[in-house]
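Engineer: Prediction below, plus the sequence it came from.
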Amino acid sequence: MKPIQIAIDGPSGAGKSTMAKLLAKRLGIMYLDTGAMYRALALKAIRMNIDTRDRERILDILPDVNIEIKYVDGTQRIFLDGEDVSDKIRTDEVSMGASNVSAIPEVRQKLVALQQKIASNENVVMDGRDIGTHVLPNAQVKIFLTASVKERAKRRYTELKEKGLLTKTLEELEKEIEIRDYNDSNRAASPLKKADDAEVLDTSNLSIEQTIEAILKIMEAKGYNHAAL
Ligand code: DC
């Protein structure tokens with residue numbers, strides 16, 4: 001049977017990775033967080049004091065960067081040049097840097113090829129910005145997950161507070177989300193865009209469990225009985 005591919009796209013903070021991770025677990029299939037790859041490259045640039053908007057210098061380091069995904073105890077870990085950087089790529093600085101490097105076409109080419117290679121021959125849930133439109137255009141299930149800017153900023157605020165990492169006001173976080181939305185939606189190379197055949201799911205007023213149920217319903221309507229995977 002052809003492997004099932006589930007593409008989850010949408011703006012920053014809509015809950016894509018939470019949903020994709022849980023869904024993959026529920027279905028017993030692989031989860032691939034593509035944003036982590038752009039983040040790893042951004043981290044490398046930041047460590048080398050390279051401005052993540054400096055295309056020439058990013059292209060200099062691109063051929064030699066080694067990004068690998070490994071599964072440790074069932075969870076995805078991301079390795080940059082052999083170092084596990086899974087936790088180090090979650091800062092705001094890296095978020096903005098990832099948004100910058102992801103606008104460079106050569107960066108996308110390299111990372112998309114890697115994503116497609118990982119997904120070939122495997123059932124997979126992949127989340128990102130261009131999964132349904134570019135990375136897995138033939139994915140059987142495509143979800144465009146979204147939520148209002150206010151709600152996304154609120155979630156980020158709560159998350160940072162819980163981790164003891166809160167250094168910004170809610171308004172500042174809202175502003176950052178707006179900037180990233182703008183960058184991701186307006187870049188020339190594979191901008192964030194709903195695939196024509198994707199289902200839109202607004203999670204502003206949905207709990208995590210309600211969102212998962214809604215995705216499973218969409219799958220069932222397409223004839224994918226999740227229990228049979
Ligand atoms: O999903 P995330 O926040 O970890 O993504 C970090 C950045 O990478 C985000 O600003 C957009 C970019 N990205 C992308 O362009 N394409 C993807 N498939 C995933 C992420």
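Structural biologist: Noted; the coordinates are in hand.
Engineer: Could I get the full set of strands for the chain?
Structural biologist: Counting by DSSP state E, the chain has strands at residues 5-9, 30-33, 67-72, 75-80, 83-84, 124-128, 141-146, 199-202.
Engineer: Export these to a markdown table and append columns for mean neighbour count and distance to Ser17.
Structural biologist: For glycine as for every other residue, the C-beta is placed from the backbone atoms N, C-alpha and C. As requested, these are exported to a markdown table (neighbours: other C-beta atoms under 10 Å; distance: least, C-beta to C-beta, whole Å):
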| stretch | mean neighbour count | distance to Ser17 |
| --- | --- | --- |
| strand 5-9 | 27 | 9 |
| strand 30-33 | 20 | 5 |
| strand 67-72 | 14 | 14 |
| strand 75-80 | 17 | 10 |
| strand 83-84 | 13 | 17 |
| strand 124-128 | 28 | 6 |
| strand 141-146 | 24 | 10 |
| strand 199-202 | 16 | 15 |
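Engineer: Flag every residue of the protein that's near the ligand.
Structural biologist: Applying C-beta under 6 Å from any ligand atom, we find that the chain lies next to the ligand at 12, 34-35, 38-39, 95, 98-99, 102, 128-130, 180, 184.
Engineer: on that earlier part again, right, so of the strands of the chain, which gets closest to Glu220?
Structural biologist: Across the strands of the chain, Glu220 has its closest neighbour in strand 141-146 (10.3 Å, C-beta to C-beta).
Engineer: mean confidence for the longest helix along the chain?
Structural biologist: When the chain is parsed with DSSP state H, its longest helix is helix 170-186. Averaging pLDDT along helix 170-186 gives 92.
Engineer: quick one: buried residues of that helix?
Structural biologist: The neighbour-count check on helix 170-186 (16 or more other C-beta atoms under 10 Å) flags 173-174, 176-177, 180-181, 183-184 as buried.
Engineer: One more: stretch 202-216?
Structural biologist: Using 16+ other C-beta under 10 Å as the test for burial, stretch 202-216 gives 202-203, 206, 211-212, 214-216.
Engineer: how about those residues in a markdown table, adding pLDDT?
Structural biologist: What follows is those, written out as a markdown table (pLDDT from 0 to 100):
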| residue | pLDDT |
| --- | --- |
| Asp202 | 96 |
| Thr203 | 94 |
| Leu206 | 94 |
| Thr211 | 96 |
| Ile212 | 96 |
| Ala214 | 96 |
| Ile215 | 96 |
| Leu216 | 95 |
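Engineer: Just the residues you listed: which are in helices?
Structural biologist: 211-212, 214-216.
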